[in-house]
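Chemist: predicted model follows, preceded by the sequence.
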Amino acid sequence: MATTKTTQPNYFGNLRTPAANFANSSGINTFDAVSKGAAAAQRGMRQKPQYTQDELDKMRADNVVAKNLDESPQISWGDYKNLPPEISGLFNEKIASLGSQIGYQKHIQQNMGKTDFQGRSQMANQISNMQGVITSKIPKQLATLNEMYGDFDGDYMDGIMSEMMDPKDQQLISDIQHGKIKPKMDDEGNITFNGMSINDLPQYHNKDLKTGSMLTKNLVGAFDRGSKLTENELALQRVNITNTLNEGGTPSILSVGFEDVMGMGGSLLKKKDYQSQIADLRSGDPMKVREAKQVISNAITDEYLARLSKQASDGYDAKNPANPNGATESKFGQRIDDAVNSGKEFTIPVGKRNYQVVEYPPGSGEYKLFTGNSTYTDFDLGNATRNTRTLSSDPAKRKQQILEAVTGDINQGFEWSTPETDWSSAPEPNVPFIGPRQAANPNIITK
């Protein structure tokens, strides 16, 4: 049985032989055209690069710099709460600029040759210096400024700021604190205000209430003690006051002298009397400053000691009122004060007894107290221990001992049972600093 062969169309049959490539004798190479078309299509699908190599390098560098900048040191502004925002704002800009430089320098350092030792060392030194400006130099200056002026407004409002400050300095500080004077900072991190470094800026000072309190306490103590001051005590007080004023310097001298630091309703000195010296203290001339300080300091000391002496005398009179017989213990005590201060020998008659103060041995500057009676009326150089007591070499204590003897008040712990007692060796707590005590029996005192 014959089989019928079915023929299917072969669309690519003509591509099998080179001769078939020229279809319909048209001169077109169909295979070549298809190949070129496919290649062209593939070329059209390949994407053009979005960035050039230079752009990629720049982006990579920017990322490194940004990372380095994020890791650069910063200022902790919480440590300087009293600084005005104008100062922190300016410094933030400077610090950000330094941080950018540090980040860029680190990037350059990271791309330097591994064997470029000199270059890498120089770059590391530059980076370290810039970091030191942020981590050390700027913070130290800010801390100094914060400490100098941090309490300025509060102290002014509380009324404890000294009114003896130079008005120009006071205005300058206020302008700095309120942002009216803008700070400047150079590339090395040096901060200036109106061309002045932090260390050259003026400081403000409060009233010297500490010294005033000490002086007031002394005045109160002098009255309460009820004793007049000796020359030695006044000399000691002069030295103490002078040392205190010298330690406080010019601000203390001006405050103690011309402000009511003792709370007594007025100052020790009047400003109108010392205008020239006050101007000299602010002149900056070392010689004028030294002389002016000496003049004002001496005047303060003299005025204060006069008040201290009066307080002591008033306290003495208050503790030694007049007795019913008309004789006054204060008058009697004054006689002893005057006699001891003279350094001479003297006798105080009390009733039937004579209390004789004698220098023994003669010319030695040492004294004994002889108690005379009907049998032995006068001190006997040949028997210097009879009815005698050795007195203290301290005039203040000597006055106390004599007063206790003549008034009969022997409650201070001195031993009277033996013929000779060296009072100068008595325990210190039993020896009052100065001045007479009130007599146990005021009637025993005679005029």
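Modeler: Nice, I can see it.
Chemist: which residues sit in contact with Val295?
Modeler: Contact criterion CB atoms under 8 Å, 6 or more residues apart in numbering gives 274, 277 as the residues in contact with Val295. For glycine as for every other residue, the C-beta is placed from the backbone atoms N, C-alpha and C.
Chemist: pretty sure it is in a strand, no?
Modeler: No - Val295: not assigned to a strand; according to DSSP: H, G, I helix; E, B strand; the rest coil it is helix.
Chemist: tell me, what's the model's pLDDT at it?
Modeler: Note for Val295: predicted pLDDT of 96.
Chemist: report the buried residues of stretch 393-409.
Modeler: 394-407, 409 (16 or more other CB atoms under 10 Å).
Chemist: now do the helix or strand encompassing Gly221: which elements does it pack against?
Modeler: When elements are assigned from DSSP states H and E, Gly221 belongs to helix 209-225. Under the contact definition 3 or more CB pairs under 8 Å, 6 or more residues apart in numbering; DSSP states H and E, helix 209-225 sits against helix 231-258, helix 286-319.
Chemist: residues of the shortest one that come out buried?
Modeler: Residues of helix 231-258 classed as buried: 233, 237, 241, 244-245, 248, 250-258 (neighbour count, 16+ other CB under 10 Å).
Chemist: for that helix, packing partners?
Modeler: Helix 231-258 packs on helix 209-225, helix 275-281, helix 286-319, helix 395-407, going by 3+ CB pairs under 8 Å, 6+ apart.
Chemist: dump the ones you listed to CSV, plus distance to Gly189.
Modeler: Formatted as CSV, the helices and strands packed on helix 231-258 follow (distance: least, CB to CB, whole Å):
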stretch, distance to Gly189
helix 209-225, 37
helix 275-281, 34
helix 286-319, 32
helix 395-407, 61
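Chemist: of the ones you listed, flag the one that's most buried.
Modeler: helix 395-407 (a mean of 23; mean count of other CB atoms under 10 Å).
Chemist: tell me the angle of it relative to helix 231-258?
Modeler: Orientation check (axes from the mean of the first three to the mean of the last three CA atoms, to 10 degrees): helix 395-407 against helix 231-258 gives 120 degrees.
Chemist: check which helices and strands helix 395-407 sits against.
Modeler: Using 3+ CB pairs under 8 Å, 6+ apart, helix 395-407 sits against helix 231-258, helix 329-342, strand 346-350, strand 353-359, strand 367-372.
Chemist: pull out the buried positions in the last one.
Modeler: Neighbour counts over strand 367-372 (16+ other CB under 10 Å) mark 367-372 as buried.
Chemist: that strand - what's its average pLDDT?
Modeler: So the average pLDDT for strand 367-372 ends up being 87.
Chemist: contact partners of that strand?
Modeler: 353-360, 378-379, 384, 387-391, 398, 401-402, 405.
Chemist: ok so, going back, Throw the helices and strands packed on helix 209-225 into TSV and include distance to Asp186, thanks.
Modeler: Compiled in TSV, the helices and strands packed on helix 209-225 are given as follows (distance: least, CB to CB, whole Å):
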stretch	distance to Asp186
helix 231-258	32
helix 286-319	31
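Chemist: closest one to Gln141 among the ones you listed?
Modeler: helix 231-258 (23.3 Å; CB to CB).
Chemist: and that closest one with helix 286-319, angle?
Modeler: 120 degrees.
Chemist: between helix 231-258 and helix 209-225, how big is the angle?
Modeler: Using the same axes, to 10 degrees: helix 231-258 against helix 209-225 is 140 degrees.
Chemist: for helix 231-258, what is the average pLDDT?
Modeler: 93.
Chemist: repeat that for stretch 319-334.
Modeler: On average, stretch 319-334 scores 52.
Chemist: so who does Ile127 touch?
Modeler: Counted by CB under 8 Å, 6+ apart, Ile127 has contacts 102, 105-106, 109.
Chemist: nearest to Lys217, out of the helices and strands packed on helix 209-225?
Modeler: Going by CB to CB, the one of the helices and strands packed on helix 209-225 nearest Lys217 is helix 286-319, 11.2 Å.
Chemist: Lys207 contacts Asp158, doesn't it?
Modeler: No - judged on CB atoms under 8 Å, Lys207 makes no contact with Asp158 at a distance of 10.5 Å.
Chemist: the two: which is more packed in?
Modeler: The residue with more neighbours, out of Lys207 and Asp158, is Lys207; 22 against 10, by other CB atoms under 10 Å.
Chemist: what are the phi and psi values at that one?
Modeler: phi -60, psi 140 (degrees, to the nearest 10).
Chemist: check what pLDDT it gets.
Modeler: In this model, Lys207 carries a pLDDT of 95.
Chemist: how far away is it from Asp155?
Modeler: Remark: distance between Lys207 and Asp155 (CB to CB, to the nearest Å) = 9 Å.
Chemist: residues shared between the contacts of these two?
Modeler: In contact with both Lys207 and Asp155: Met161, using CB under 8 Å, 6+ apart.
Chemist: now the buried members of the contacts of strand 367-372.
Modeler: Buried, going by 16+ other CB under 10 Å: 353-358, 360, 379, 387-391, 398, 401-402, 405, out of these.
Chemist: and Leu229, how many residues sit next to it?
Modeler: 24.
Chemist: OK, contacts around it?
Modeler: Counting by CB under 8 Å, 6+ apart, the residues that Leu229 touches are 222, 237, 308-309, 312, 434.
Chemist: under the pLDDT cut-off, which ranges of the protein? List them.
Modeler: 1-49, 51, 55-78, 86, 88-89, 104, 113-115, 321-333, 351, 407-447 (pLDDT under 70).
Chemist: how is it divided into domains?
Modeler: Split into domains by automatic domain parsing, the chain comes to 31-205, 209-319, 329-444.
Chemist: chain neighbours aside, what residue packs nearest to Asn206?
Modeler: Ile160 (4.8 Å; CB to CB, 6 or more residues apart in numbering).
Chemist: residues near that neighbour, how many?
Modeler: The burial count for Ile160: 12, using other CB under 10 Å.
Chemist: likewise for the one 4 residues further on?
Modeler: For Met164, the count of nearby residues is 22 (other CB under 10 Å).
Chemist: my read: it touches Pro251, true?
Modeler: Yes - contact criterion CB under 8 Å: Met164 and Pro251 qualify, at 7.4 Å.
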